[in-house]
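Visitor: sequence first, then the predicted structure:
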Amino acid sequence: MNTLQHFSHLLVALLVGCGSSDFRVAGNDGRDPNSSVVKTCELLRERIDLESTELILKEYSRLAVPGGAVPLAIAALDEQDVWALDQKTRRLFHATGVKRERSPVAPGDSGISMVMAGDGRMLAARGSSLFRLTADSSSLSPLLELDPSDGLITGAAEDLSRLWVAVQQDSGTTLTAFAQSSTMDTTDAIQKMTLSGAYRLHPFERNQILATQTTAPFELLVITSSGTIAYRKSALSDSRFRLAQLGNRRGIVSLSAIPLSCSFVLQLLVDLRGDTRWFVIHDVERSRISRVRRVSASVGFTQALPRDKLLGFDDGAGRGEIVIYEWYWSFTE
């Protein structure tokens, strides 16, 4: 998860199209003075294929990690309530804007293996048990207990009416949907599907979730509450990828796909052996991959936040800090 390094400047523009450089310093407001913000979905779809269209990233806030802690995963209920999973102790701790540590969620809650959040709800797993953490509580509430023989929980996400749980096994990943009542208590399993490989999950729009295959061919799926697959594309299927760029693909993983606006989704492939990244923009509404961009920068994002923000991590210069970025689309006339 610690795939970000310290930026020497706070405002950067990520060129999602083609360009001579991967990053450039933006203006004081995060924009090029000659560019315009794309404010409507119609305008974005009209201009997304143009090389002048950019995804602008601007640092919004930086949160401290207690000394000695190394975040293995991070998740946020909102931009003020961010949690991290310590790699060594496997305990959750609260990240703050100052260098002080809030107590872990509860005594004995070590061994956490997964933490995920979206739409103000956070889930954590330990083995075959799933827990919830809410904004008004600092303790984990039991939510779901699976049969340990089924495997370990490796992912979870919620849409408006379903709780989706990923369990990885030798044969692949089993995704199971559980119905939820108004009190968010789970009931019986109502949907189940088996996928090849390991998958990360993230909430999406219109009662859907995103499922991202972590290894080649790096498929991205949009799954509805009814269990149907509304979108399925492999990043490697796009002709803009060159196999020579990916080498033998060892050490390359896909992070969680992150919803942007207008049914666009950002998928980030990371080379764990270096700083190479591939930004893949999926246009779910038009069922296609709109952009593929290879960059050289230790950048990574893990979660979409409200009001057009992304949750990321920065471990440059030996520091462990969590960073929240603002983003928007921009184009140059």
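Guide: Now that the structure is in, tell me what you want to look at.

Visitor: do I have it right that A177 meets D188?
Guide: No - contact criterion Cβ atoms under 8 Å: A177 and D188 do not qualify, at 10.2 Å. Placement of C-beta: from N, CA and C, glycine included.

Visitor: between these two, tell me which one has more neighbours.
Guide: The neighbour comparison of A177 against D188 (other Cβ atoms under 10 Å) goes to A177, with 22 against 6.

Visitor: could you find the closest non-adjacent residue to that one?
Guide: Spatially, and ignoring its direct neighbours in sequence, A177 is nearest to Q191 (3.7 Å; Cβ to Cβ, 6 or more residues apart in numbering).

Visitor: separation between that neighbour and S161?
Guide: 11 Å (Cβ to Cβ, to the nearest Å).

Visitor: more crowded one of the two?
Guide: Neighbour totals were compared for Q191 and S161, and Q191 leads with 17 against 12 (other Cβ under 10 Å).

Visitor: is that one located within a strand, as I assumed?
Guide: Yes - applying DSSP: H, G, I helix; E, B strand; the rest coil, one finds Q191 inside a strand.

Visitor: quick check: it vs T228, distance?
Guide: Here the criterion is Cβ to Cβ. By it, Q191 lies 9 Å from T228.

Visitor: and Q169, by the same measure?
Guide: Distance, Q169 to T228, using Cβ to Cβ: 23 Å.

Visitor: now S290
Guide: Distance, S290 to T228, using Cβ to Cβ: 23 Å.

Visitor: below-threshold pLDDT in this structure: ranges please.
Guide: 1-35, 96-109, 135-138, 181-187, 240-249, 299, 314-320, 333 (pLDDT under 70).

Visitor: longest helix anywhere in it?
Guide: helix 41-47 (DSSP state H).

Visitor: C-terminal to that one, which secondary structure element comes first?
Guide: Remark: after helix 41-47, the chain's next helix or strand is strand 54-64, criterion DSSP states H and E.

Visitor: got the buried residues for that following strand?
Guide: Of all the residues in strand 54-64, those buried under the rule 16 or more other Cβ atoms under 10 Å are 54-60, 63-64.

Visitor: state the phi and psi torsions of S330.
Guide: phi -140, psi 150 (degrees, to the nearest 10).

Visitor: I should have written I258 there, sorry.
Guide: Per degrees, to the nearest 10, the backbone of I258 is at phi -120, psi 130.

Visitor: show me what the host helix or strand of A124 is packed against.
Guide: Element membership for A124, per DSSP H and E: strand 121-126. Packed against strand 121-126 by the contact rule (3 or more Cβ pairs under 8 Å, 6 or more residues apart in numbering; DSSP states H and E) you find strand 71-78, strand 114-118, strand 129-133, strand 152-158.

Visitor: among those strands, which is the most enclosed?
Guide: Counting by mean count of other Cβ atoms under 10 Å, strand 114-118 has the highest mean neighbour count of the helices and strands packed on strand 121-126, with a mean of 24.
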